[in-house]
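J.: With the input below, show me the fold.
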Amino acid sequence: MRRLLIGTVTATALLLAGCSTHSGSETGEDASATPGAGSTAQASADFGTLKNVCGPGTAKSSTVQGVTDTSIQVGVMSDIGFTKNSEFPDAAKVFTSWCNAAGGINGRKITPVTHDTRLMQVREGVLDACKSDFAMVGGGSALDGLGVADRLKCLLPDFPAQSTQAVGSDLQALATGSGVGYFAYSGYYTWLIKDKYPDSAQKVGIIAGDSPVSKVFLSQYKESIAGLGGKVSYTNLYPAAGVSDWTPYAQAIKSKGVKGLTFLGDFASLAKLEQALTNIGYAPDWIDANSNAYGPAFLQLAGTALAEQHNYAELSATAPLESASASPATQQVIDLFKKYAPDKHVTYPVLRAFSAWTLFATSARDCATVTRKCVYENAVKQTAWTGGGLQAPTDLSKKDVPPKCYSIVEATAKGWQAADFQPDNGPYRCDAPAYKFKGDYGKPATLADVGKSMSDVT
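T.: Numbering: from 1, shown residues only. So this is what the prediction gives:
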């Protein structure tokens, strides 16, 4: 359901992109180069505004799968075998190292186990987790919908960093909120076509990778932009095998007079398209590069085109890395990486993973007896979750709450920076209009779909 959350697929595969968390550790933001990264990691069990997230205790005996007197085993889903992107396992290593050093969850150490879903092996990864894990935490797979039925059959809770086809499914606690049935970027697009570039409203173009999932996103965007007062005047698909010459696409964009361009694909392809646009002397008023491009790799690939093309990305109300000096929780993630994984990088998906990890840890901490039902229900009681300050307050108690807050960054020749979108709540602006989809884009999977109910969850 959310473009931001797909992000692991490139143009050479299925091109589910157009959604993103692909700012991976191999190309992501270097913590040592991030503002304020020189401070020392906190030694306390507090994380941002969250107090005593982890700590010692006297754990009681448990017969729950994955839970012993001394440990809690959780699974981390990752397409690492396909993407070679280790950011979710990296986040798991850093968070659990910090948490365990503080005493674990009431004395139980967290043991993370990475399940490599290799893009197409999601069912195998979920079924493996079903055999031994207490829950799934801080990960994500581009094709997570392939494993959602199996996860529900084995009653496995999910605290993902990202979700795509499984957004809003039962037993899922998505720290950034589900927003089922609503366009996730209504505030962002209202700013683009009404506030910043009103002349672009009737001349929006969309280019998407040619895959079934990307086509669904294209339909959602086309409907939503119209619902917000704009008009999509040009659409096109590009082949999953890749494009050798982006000049024909650039020429079509110019001939159609596209003034705002939404790109639902991988950032390497977008960089080539922008170079082609620059070569023919054309620049739309804006390009939604999406958070797939948020990181130094896109800047390097786009090169001199950044001086001509106007790229933006919306970060789903997550504080940008560039604001770390004013965001203690973001700075703490950077510091913890310097301590526990100094050769790895802090990225936007890492920040989302940390929000998921803190949600799980605090939810488990508050259970007198650690059970799946208790941990899950504690998580979805949250009505203003911030991950300790990593994101704007989010209501997790309902799955159909439209997002209100958003943050926008801009790619420039000098790097990524906050856009001039007039934030009214720290790094966020919280006036997003609610746009509810009218089209039928499917419904989230439920326990009832697999013959189960919450009474089966223990």
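
J.: From now on I want contacts and neighbour counts done on CA atoms only, so please keep to that.
T.: Fine.

J.: Quick one: the strands in the stretch 251-400 of the chain, in order.
T.: For the stretch 251-400 of the chain, applying DSSP state E, counting those that start in this stretch gives strands covering 260-264, 286-288, 311-314.

J.: just how off-centre is the first one within its chain?
T.: The chain centre lies 19 Å from the centre of strand 260-264; the measure is Cα atoms, centre = their mean, to the nearest Å.

J.: swap in the last one?
T.: Averaging C-alpha positions (Cα atoms, centre = their mean) puts strand 311-314 14 Å from its chain's average.

J.: if we can go back for a sec, and residue 294, which of the strands of the stretch 251-400 of the chain is closest to it?
T.: When the strands of the stretch 251-400 of the chain are ranked by proximity to residue 294, the top entry is strand 311-314, at 7.0 Å, counting by Cα to Cα.

J.: strands paired with the closest one, and their directions?
T.: Each strand that strand 311-314 pairs with, and the sense of that pairing, follows from DSSP bridges: strand 286-288 (parallel), strand 408-412 (antiparallel).

J.: Restricting the selection to alpha carbons, write that strand to CSV.
T.: Presented in CSV, the C-alpha positions along strand 311-314 are these (Å, rounded to 0.1, in the frame of the first residue of the first chain):
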residue,chain,number,x,y,z
ASN,A,311,14.1,16.6,-6.8
TYR,A,312,12.1,16.1,-3.7
ALA,A,313,11.3,13.1,-1.4
GLU,A,314,8.8,12.7,1.4
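
J.: so what's residue 366 up against?
T.: 375, 378 (Cα atoms under 8 Å, 6 or more residues apart in numbering).

J.: If you could redo that for residue 191, that was the one I meant.
T.: Contact partners of residue 191, counting by Cα under 8 Å, 6+ apart, are 197, 421.

J.: sec struct for residue 58, please.
T.: Each residue gets one of three states, and residue 58 gets coil by DSSP: H, G, I helix; E, B strand; the rest coil.

J.: thinking again about what came up before, pick the most deeply packed of the strands of the stretch 251-400 of the chain.
T.: The highest average neighbour count among these, using mean count of other Cα atoms under 10 Å, belongs to strand 260-264 at a mean of 26.

J.: who does it pair up with?
T.: For strand 260-264, pairing defined by DSSP bridges yields strand 204-209 (parallel), strand 286-288 (parallel).

J.: So for the last one, mean pLDDT?
T.: Translated: strand 286-288. The average pLDDT within strand 286-288 is 98.

J.: Residues contacting it, please?
T.: 192, 197, 259, 260, 261, 262, 263, 309, 310, 311, 312, 313.

J.: try 7 Å
T.: 259, 260, 261, 262, 263, 310, 311, 312, 313 (Cα atoms under 7 Å, 6 or more residues apart in numbering).

J.: same check, this time on the first one
T.: Counting contacts by Cα under 7 Å, 6+ apart, the residues outside strand 204-209 that touch it are 15-16, 18, 214, 218, 231-240, 258-265.

J.: Name the SS class of residue 136, please.
T.: Each residue gets one of three states, and residue 136 gets strand by three-state DSSP.

J.: How about residue 145?
T.: Using three-state DSSP, the secondary structure recorded for residue 145 is helix.

J.: Which neighbouring residues are in contact with it, exactly?
T.: Neighbour list for residue 145: 165, 166 [criterion: Cα under 7 Å, 6+ apart].

J.: Over to residue 378?
T.: By Cα under 7 Å, 6+ apart, the neighbours of residue 378 are residue 363.

J.: Can you check the pLDDT for it?
T.: In this prediction, residue 378 carries a pLDDT score of 98.

J.: Could you report the separation of it from residue 370?
T.: Here residue 378 is placed at a distance of 11 Å from residue 370 (Cα to Cα, to the nearest Å).

J.: what would the strands of the stretch 251-400 of the chain look like in a markdown table with distance to residue 388?
T.: Output for these, formatted as a markdown table (distance: least, Cα to Cα, whole Å):
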| stretch | distance to residue 388 |
| --- | --- |
| strand 260-264 | 31 |
| strand 286-288 | 29 |
| strand 311-314 | 20 |
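
J.: So for residue 68, which of those strands sits nearest?
T.: Distances from residue 68 to each of those were compared using Cα to Cα; the shortest belongs to strand 311-314, at 41.1 Å.

J.: And the contacts of that closest one?
T.: Contacts to strand 311-314, defined as Cα under 7 Å, 6+ apart, come from residues 188, 286-291, 294, 406-411.

J.: what does the average pLDDT come to for it?
T.: pLDDT averaged over strand 311-314 equals 97, rounded to a whole number.

J.: how far away is residue 174 from residue 168?
T.: Relative to residue 168, residue 174 is positioned 8 Å away (Cα to Cα).

J.: quick one, which of these two is more surrounded?
T.: Looking at residue 174 and residue 168 with other Cα atoms under 10 Å, you find the greater number of neighbours at residue 174, namely 28 against 24.

J.: Just give me the longest helix of the chain.
T.: helix 348-365 (DSSP state H).

J.: Any chance you could list what contacts that one?
T.: Residues external to helix 348-365 that are found in contact with it (Cα under 7 Å, 6+ apart): 21, 53, 87-88, 91, 105-106, 137-139, 159-161, 175, 370, 375, 378-379, 387, 390.

J.: Quick one, which of the residues you listed are buried?
T.: By neighbour count, with 16 or more other Cα atoms under 10 Å, the contacts of helix 348-365 hold 21, 53, 87-88, 91, 105-106, 137-139, 159-161, 175, 370, 375, 378-379, 387, 390 as buried.

J.: Tell me the pLDDT of residue 249.
T.: According to the per-residue confidence, residue 249 scores 98 in pLDDT.

J.: could you pull out the helices for the chain?
T.: Assigned by DSSP H, the helices in the chain fall at 80-83, 87-101, 122-132, 148-153, 186-190, 212-227, 247-255, 267-279, 296-302, 328-340, 348-365, 372-379.

J.: model confidence over the shortest one, on average?
T.: Right, the one you point to is helix 80-83. The average pLDDT for helix 80-83 rounds to 92.
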